[in-house]
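J.: Sequence first, then the predicted structure:
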Amino acid sequence: MLIEIKNLQARVAEKQILNGIDLAVNQGEVHAIMGPNGSGKSTLAGVLAGRDAYEVTGGSVLYQGKDLLDMDPEERAGEGLFLAFQYPVEIPGVSNMYFLRTALNAQRKHRGEEELDAIDFLGLVKEKATLLGLNQTLLERPVNEGFSGGEKKRNEIFQMAVLEPKLCILDETDSGLDIDALRAVANGINVMRSPERGMVVVTHYQRLLSYVVPDFVHVMANGRIVRSGGKELALELEQQGYGWLEEEPAAARS
Amino acid sequence: MPATITAREMEETYVAAFAAKAAQLPGDAAWRGLRSTAIARFAELGFPTTHDEDWKYTNLAPFLKAPYERVVPAHDGKAAELLRDAKLADLGCPRLVFVNGRFAPQLSATGGLAAGVTWKSLREAAADGSARGLATRARFERNALAALNTAAFEDGAFVRVARGAVPGQPVHIVHVAAGAVRSVAYPRTLVVAGRDSQLEVVESYIGPDGAAYFTNAVTEVVAEDGAVLDHYKIQTEGSQALHYGLLAVEQGASSNVTSHNIALGAALARNEIAAVLNGEGAECLLNGLYLTTGRQHVDNHTTLEHAKPHTTSHELYKGILDGHSQAVFHGRILVRPEAQKTDAIQRNKNLLLSEGAVINTKPQLEIYADDVKCTHGATVGQVDQDAVFYLRSRGIPLAEARSLLVYAFTAELIDRIKIEPVRERLAASLFARLAGGQGK
């Protein structure tokens, strides 16, 4: 098992957001997490990546047999966990290339591997950029600065491709994209699908899941997973919306 | 010297030191007249105190308790050593070295000046009367320190680039403080860029750590019509130094002057820039970067005077403050009634790395024309926590993430430096300093 989340509870400031999440992801699986705004989807993604605005108040997360919650964000990354941000941060003054090389080498160092020199790194980056059809001029520009929304999301997928994580968490990577950008992002995710890699795709809408077909779909509401199923659940949600969640007691159909 | 010496008595020691030396200072009758006017003005004004509005946040008093005295090093050994150790002392271009304000020919490399560029020491220029423009731009009527420099300077550099000349390599002037504790030097520079010429001038200030010395420097720059002039000031004085520097700029029509002002050293440093855009279409860019730590104090005072129509000034000053250091930014923009269509932008951005660091930032806009565009803005902040988390989430450890972001804050200004060895070495030096200097 890649990651096993048990009864995870978390709050931000004084507000309790996660009220006991249970989720297990194996290698090779793609899990979609859906749910209305405010259901706790992004909080779950942030807690897993180690964002310190969130305070874990209960439960456990075992990642490749280790206590994930005990690790700093950089350790989690070094262990192969990757979060594609809903709102990628702009970093003026640091080029995408320098940033990625520093990140990759920090991860390699964490794993006891040799650092990549500039030439090998350039080769890797070009290969991945070609694979994803990324505009190479983005590489020399400062990280996300002045990027369009679509470029920022594609840059997240590009980073994922270069860093080759074991567990990818994509936090609303599809939001705000036009259809071309959505297809490009979906293509990137599909290229990264492999029997060794697990993925958790957090999304509000079904449309990404037309391109990235999940193995499992979970519905979150009020900080809990209230329903789980196969890919057909996403279509059902698309037709029904999320209104039914308010009419039923939470967890009744989980 | 008794401990209870008053400020007035202190000022008199400088007047007396001038009087004792006056006969040996270079200059013809005109310069002698200038010097005596200047010392009289200094005696009237006295050293600035925090009661002066323009010095409210910068207190010289602790530095002026005992006098600084003029010292002539017996040999070049100490200066040569300082030059060897300085990262930016050899840029591979012609170099004029001044030790305690006097030209040091053995340490200089004046060969290879490009066609169109001429230079003289002010001592020589005094003898042949060629540096006529001296002291006409650096006004000292209301500036005691500039007055003292004007009275007391012993030598200096006079650099001229001929009309239409584009030398293609910079001229580097290095001011070395190699005197003992409590020594003072009065570096003086005059740069004249002829019509439609183009020139880069780098002025570096270096000195020993641990010695309490005083550098009181004045540089005048004249950009005639159509001239393009880049002035770099790289101040890496010793840790106990008191540094004062005035850069006075006068610009003709369609001239373009860029100042890069990098302040890294000294215990207390005050930079003043007074630029007069005195011709239609003149453009002036002021770039400033200051890094302070420990108990350092850096004060940048800039005045941009738009005197003619269609003049442009863009100013960006950035500071990184650590420890219990303090910085002051005072940016004055003066738009004369005639200067319609002025375009002036002023920005000051500060990054505070510690709780104890203090920044005082003050824009001062005086606009007497009605069709102008003037904007200003100041920011004070800490390292962006969202950016820190973003870097960490990609595997970059906390300390490295923070230093990368602090360094990145300087990149906007470093990238504007056009002289490659200056840019690269400064970048390397800043990276080393910022990567190792977290939270101190």
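T.: Cool, the structure landed. Numbering: from 1, shown residues only, chains lettered A, B, ... in the order given.
J.: Could you check how many residues crowd around residue 102?
T.: With no chain named, the answer covers chain A. A:Thr102 has 18 neighbouring residues, counting by other Cβ atoms under 10 Å in any protein chain shown. For the C-beta atoms, the positions are set from N, CA and C on the backbone; glycine is no exception.
J.: Chain B is the one I meant
T.: Other residues near B:Arg102 come to 18 when the count uses other Cβ under 10 Å.
J.: Okay, and the beta partners of it?
T.: Counting by DSSP bridges, B:Arg102 forms beta bridges with B:Val99.
J.: same deal with B:Ala217?
T.: As assigned using DSSP bridges, the partners bridged with B:Ala217 are B:Gly245.
J.: Distance check, it against chain A.
T.: 31 Å (Cβ to the nearest Cβ, to the nearest Å).
J.: show me the residues around that residue that make contact.
T.: Counting by Cβ atoms under 8 Å, 6 or more residues apart in numbering or on different chains, B:Ala217 makes contact with B:149, B:175, B:186-189, B:205, B:243-246.
J.: And it, how far from B:Ala193?
T.: Note on B:Ala217: its distance to B:Ala193, by Cβ to Cβ, to the nearest Å, is 20 Å.
J.: Now do the helix or strand containing B:Arg84, average pLDDT.
T.: Using DSSP states H and E, B:Arg84 sits within helix B:77-85. Confidence over helix B:77-85 (mean pLDDT, whole number) is 93.
J.: which secondary structure elements does it contact?
T.: Where contact means 3 or more Cβ pairs under 8 Å, 6 or more residues apart in numbering or on different chains; DSSP states H and E, helix B:77-85 is packed against strand B:95-99, strand B:171-176.
J.: so of these, which one's packed in deepest?
T.: Highest mean neighbour count of those: strand B:171-176, a mean of 27 (counted as mean count of other Cβ atoms under 10 Å in any protein chain shown).
J.: Extract the C-alpha trace of it and format it as CSV.
T.: As requested, the backbone C-alpha atoms of strand B:171-176 are provided in CSV (Å, rounded to 0.1, in the frame of the first residue of the first chain):
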residue,chain,number,x,y,z
VAL,B,171,36.6,53.0,-16.3
HIS,B,172,37.0,51.7,-12.8
ILE,B,173,37.9,54.0,-9.9
VAL,B,174,38.8,52.3,-6.6
HIS,B,175,38.9,54.3,-3.4
VAL,B,176,40.9,52.5,-0.8
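J.: ok, the helix or strand that that strand is followed by: who's next to it in the sheet?
T.: As assigned by DSSP H and E, the chain's next helix or strand after strand B:171-176 is strand B:183-185. Strand pairing for strand B:183-185, using DSSP bridges, gives strand B:69-70 (parallel), strand B:214-223 (parallel).
J.: In TSV: the ones you listed, plus mean pLDDT.
T.: Output for these, formatted as TSV (pLDDT from 0 to 100):
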stretch	mean pLDDT
strand B:69-70	90
strand B:214-223	98
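J.: which one of those has the most crowded surroundings?
T.: Taking mean count of other Cβ under 10 Å, strand B:214-223 is the most buried of the strands paired with strand B:183-185, at a mean of 26.
J.: From the chain's centroid, how far away is that one?
T.: 7 Å (Cα atoms, centre = their mean, to the nearest Å).
J.: Pull that strand out as PDB, backbone CA atoms only.
T.: Extracted as PDB, the C-alpha positions of strand B:214-223 are listed here (Å, rounded to 0.1, in the frame of the first residue of the first chain):
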ATOM      1  CA  PHE B 214      35.800  58.000   7.700                       C
ATOM      2  CA  THR B 215      35.200  58.300   4.000                       C
ATOM      3  CA  ASN B 216      33.700  61.600   2.800                       C
ATOM      4  CA  ALA B 217      33.300  61.300  -0.900                       C
ATOM      5  CA  VAL B 218      31.800  63.600  -3.600                       C
ATOM      6  CA  THR B 219      31.300  62.600  -7.200                       C
ATOM      7  CA  GLU B 220      30.000  64.900  -9.900                       C
ATOM      8  CA  VAL B 221      28.700  63.600 -13.100                       C
ATOM      9  CA  VAL B 222      27.800  65.700 -16.200                       C
ATOM     10  CA  ALA B 223      26.000  64.100 -19.000                       C
END
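J.: and that strand with strand B:95-99, angle?
T.: Counting by axes from the mean of the first three to the mean of the last three Cα atoms, to 10 degrees, strand B:214-223 lies at 150 degrees to strand B:95-99.
J.: Can you work out which other helices and strands pack against whichever helix or strand comes after strand B:214-223?
T.: Beyond strand B:214-223 in the direction of the C-terminus, DSSP H and E gives the next helix or strand as strand B:228-236. Secondary-structure packing of strand B:228-236 (3+ Cβ pairs under 8 Å, 6+ apart): strand B:188-193, strand B:198-206, strand B:214-223, strand B:242-251, strand B:256-263, strand B:268-277, helix B:420-436.
J.: Return the list of strands paired to strand B:228-236, each annotated with direction.
T.: Here strand B:228-236 is paired, per DSSP bridges, with strand B:198-206 (parallel), strand B:256-263 (parallel).
J.: Quick one: closest of these to A:Ile119.
T.: The closest of the strands paired with strand B:228-236 to A:Ile119 is strand B:256-263. By Cβ to Cβ, the value is 32.7 Å.
J.: Can I get that closest one as PDB, trimmed to CA atoms?
T.: The C-alpha coordinates for strand B:256-263 follow below in PDB (Å, rounded to 0.1, in the frame of the first residue of the first chain):
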ATOM      1  CA  ASN B 256      20.400  59.000 -20.200                       C
ATOM      2  CA  VAL B 257      22.000  58.400 -16.800                       C
ATOM      3  CA  THR B 258      21.700  55.200 -14.800                       C
ATOM      4  CA  SER B 259      23.000  55.000 -11.300                       C
ATOM      5  CA  HIS B 260      23.500  51.600  -9.600                       C
ATOM      6  CA  ASN B 261      24.100  52.100  -5.900                       C
ATOM      7  CA  ILE B 262      25.100  49.000  -4.000                       C
ATOM      8  CA  ALA B 263      25.600  49.400  -0.300                       C
END
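J.: thinking again about what came up before, from the contacts of B:Ala217, which is closest to B:Leu352?
T.: Of all the contacts of B:Ala217, B:His243 has the smallest distance to B:Leu352: 22.5 Å, by Cβ to Cβ.
J.: which residues touch the residue of chain A found nearest chain B?
T.: Among all residues of chain A, A:Gly93 sits closest to chain B, at 3.1 Å; criterion: Cβ to the nearest Cβ. Contact analysis of A:Gly93 by Cβ under 8 Å, 6+ apart lists A:142, B:407-412.
J.: In terms of helices and strands, where is it?
T.: Here A:Gly93 is assigned to strand A:91-95, by DSSP H and E.
J.: For that strand, buried residues please.
T.: Under the neighbour-count criterion of 16 or more other Cβ atoms under 10 Å in any protein chain shown, strand A:91-95 has A:91, A:93-95 buried.
J.: Show me the one of the strands paired with strand B:228-236 that comes nearest A:Leu131.
T.: With Cβ to Cβ as the measure, strand B:256-263 is the member of those nearest A:Leu131 (41.9 Å).
J.: Which positions in chain A make contact with chain B?
T.: The interface of chain A toward chain B, taken as Cβ under 8 Å from any Cβ of the partner chain, is made up of A:49-52, A:72-74, A:76-78, A:82-83, A:85, A:88-94, A:99-100, A:102-104, A:106-107, A:110, A:159, A:163.
J.: who's in contact with B:Ala344?
T.: B:304, B:306, B:312-315, B:333, B:335, B:372-375 are the contacts of B:Ala344 under Cβ under 8 Å, 6+ apart.
J.: related to what we said a few turns ago, format the buried residues of strand A:91-95 as JSON lines; extra columns: pLDDT.
T.: Formatted as JSON lines, these follow (pLDDT from 0 to 100):
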{"residue": "A:Ile91", "pLDDT": "95"}
{"residue": "A:Gly93", "pLDDT": "91"}
{"residue": "A:Val94", "pLDDT": "93"}
{"residue": "A:Ser95", "pLDDT": "93"}
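J.: in the stretch 251-400 of chain B, which spans are strands?
T.: With DSSP state E, counting those that start in this stretch as the criterion, the stretch 251-400 of chain B has strands at B:256-263, B:268-277, B:283-292, B:297-306, B:312-321, B:326-335, B:343-352, B:358-367, B:373-381.
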